[in-house]
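[1] Got a sequence here, can you build the structure:
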Amino acid sequence: MKTIKPAERLDTIKEYYFSIKLKEVAEMNARGENVISLGIGSPDLPPSDETVNALTEDANRADAHGYQPHVGILTFRQAFADWYKRSYGVELDATKEIQPLIGSKEGILHISLAFLNLGDGVLVPNPGYPTYSSVSKLIGANIVSYDLDENNNWQPDFDALEKMDLSRVKLMWVNYPNMPTGANGSIELFEKLVAFGKKHGIVIAHDNPYSFILNKEPISILQIEGAKDICIELNSLSKSHNMPGWRIGMVASNPTFIGYILKVLSNIESGIFRPMQKAAVAALSNPAEWHEKNNIEVYSNRRQLAEEIMQALGCTFDANQVGMFLWGKIPDICKSSEELADKILYNAKVFLTPGFIFGSRGERYIRISLCCNETMLKEALERIKKLG
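    Reported below is the predicted structural model:
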């Protein structure tokens, strides 16, 4: 039989780090090693009661189980528009400027397919979310890496960007509050990004799922005057509403860009289950008190313990970080972030994320997820302290 070979595009990527490592952690747990996972950002608390009740109520209807419009039901899109107005002061037309997604990660692929031809350039941050790079590779785009530096608060160096060959660059990925570094965004930064995009004809794709976690003043790049002309913003209920497995997200931009994305999306998926849309409407109406408790108080208590873990490891960190992770610089005596993470995993049975997976600029850093209860965080701290 002739050997079957996969598509050549698979040679450009590897299996996702967490896919590999979580299988290893599962095997360790199967052996009774009781690993505490501080790796991925998957909220461990449930959505609001109203969210779950809305899901079950609509799922019990006989007419709830058919295919849904690719654009989602209007009340769903209007709920997103109302949320943006209430949270960011941004006006969005629910009929033209919002496209629901099966999680915002899906949107990274749809946006890339909608704007990038084979060989087109895409600006990708280093360090940055690995999916920006892997999706770009899969579609045959040319990755143009731009460095983020701790000494510049992990923001783009616009002077360095201006010196690059941007002639074939069509898309730029940005992400504030930043993952993995926890650096917050600002109106000044967003103004620079909008101006940069307009000057060079580069679409600015802003990935914004972390703006409510440990952050009392969330902002959107769409607050900037004229941003819709050149910017696309992704958002999600995964982090801010404790709904990671529900896969509910959205993309907002001008009607033309939304039309491009819809053309791709409508040929790939078949709409979002209506009861989940109804549940999302309820989630988007959560009172401010729910968010204060779940996104500020809970993570604030956990963050204190994560800082103690960083200190026990001899790592340094910026106390002004926001979001659901803590990013720390490893001691000079450590050979690499991967070596330190593996040492902690195999000897203390605690899984941390090594920064190298986010790019070469993350090599000397590790990341701790706050998606773990205080009891487990305290246990992780004690195990690490025992290593000396």
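
[2] switch to C-alpha atoms for all contacts and neighbour counts from now on
    Noted.

[3] so S145, which of the three states?
    In three-state terms, and counting by DSSP: H, G, I helix; E, B strand; the rest coil, S145 is strand.

[4] List the contacts of it.
    Neighbouring residues of S145 by C-alpha atoms under 8 Å, 6 or more residues apart in numbering: 123-126.

[5] Give me the nearest residue to it, chain neighbours excluded.
    In space, not counting the residues next to it along the chain, S145 is nearest to V124; the distance is 4.9 Å by C-alpha to C-alpha, 6 or more residues apart in numbering.

[6] Mark which of the contacts of S145 are buried, thanks.
    By neighbour count, with 16 or more other C-alpha atoms under 10 Å, those hold 123-126 as buried.

[7] Just the ones of those residues in strands?
    Of the buried ones among the contacts of S145, the ones assigned to strands by DSSP state E are 123-126.

[8] just the strands in this protein please.
    For the chain, strands defined by DSSP E occupy the ranges 36-37, 98-101, 121-126, 142-147, 169-174, 203-207, 231-236, 249-252, 316-317, 325-329, 350-351, 353-354, 365-369.

[9] Can you list the strands that the fifth one pairs with?
    In the sheet, strand 169-174 lines up against strand 121-126 (parallel), strand 203-207 (parallel) (DSSP bridges).

[10] which of the ones in strands among the buried ones among the contacts of S145 lies closest to K216?
    Of all those, K216 sits closest to P125, with 25.3 Å by C-alpha to C-alpha.

[11] How is this structure partitioned into domains?
    Structural domains assigned to the chain are 8-46+288-387, 65-283, following automatic domain parsing.

[12] If you average the pLDDT over the last one, what comes out?
    The one in question is domain 65-283. The average pLDDT within domain 65-283 is 97.

[13] now swap in the first one and tell me
    The pLDDT scores in domain 8-46+288-387 average 95.

[14] Centre of the chain to it, how far?
    Here the centre of domain 8-46+288-387 is set off from its chain's centre by 15 Å, with C-alpha atoms, centre = their mean, to the nearest Å.

[15] Now do the end-to-end distance for it.
    44 Å (C-alpha to C-alpha, to the nearest Å).

[16] And the longest one, by the same measure?
    Domain 65-283 has its terminal residues 20 Å apart, counting by C-alpha to C-alpha.

[17] and F317, what does it touch?
    310, 326-329.

[18] Tell me the one among these nearest to L387.
    Within the set of those, M310 lies nearest L387; the separation is 13.6 Å, counting by C-alpha to C-alpha.

[19] list the contacts for that closest one?
    When the contact criterion is C-alpha under 8 Å, 6+ apart, the partners of M310 are 316-317, 328.

[20] swap in L109?
    Counting by C-alpha under 8 Å, 6+ apart, L109 makes contact with V135.

[21] can we see that at 10 Å?
    Taking C-alpha atoms under 10 Å, 6 or more residues apart in numbering as the definition of contact, the neighbours of L109 are 131-132, 134-136, 138-139, 261, 264-265.

[22] Output these as CSV; include the columns distance to E106 and neighbour count.
    Putting these into CSV (distance: C-alpha to C-alpha, whole Å; neighbours: other C-alpha atoms under 10 Å) gives the following:
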residue, distance to E106, neighbour count
T131, 10, 15
Y132, 11, 21
S134, 13, 19
V135, 10, 17
S136, 13, 25
L138, 14, 16
I139, 14, 17
I261, 11, 21
V264, 11, 16
L265, 9, 24
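
[23] Identify, from these, the entry nearest to S87.
    Looking at those and their distance to S87, the nearest is I261, at 24.4 Å (C-alpha to C-alpha).

[24] Go ahead and confirm that closest one touches A114.
    Yes - taking contacts as C-alpha atoms under 10 Å, I261 lies within contact range of A114: 5.7 Å.

[25] tell me the contacts of Y176?
    Y176 makes contact with 154-155, 182-186, 189-190, 206-211, 218-221, 322-323, according to C-alpha under 10 Å, 6+ apart.

[26] Narrow these to those that are buried.
    Using 16+ other C-alpha under 10 Å as the burial test, those include 154-155, 182-185, 190, 206-211, 218-221, 322-323 as buried.

[27] which ones among those residues are found in helices?
    For these, membership in helices holds for F190, with DSSP state H as the criterion.

[28] tell me, what residue is most central in the chain?
    The centre of the chain sits closest to P209, judged by C-alpha atoms, centre = their mean, with a distance of 5.5 Å.

[29] so how far is P354 from that one?
    Separation of P209 from P354 (C-alpha to C-alpha): 21 Å.
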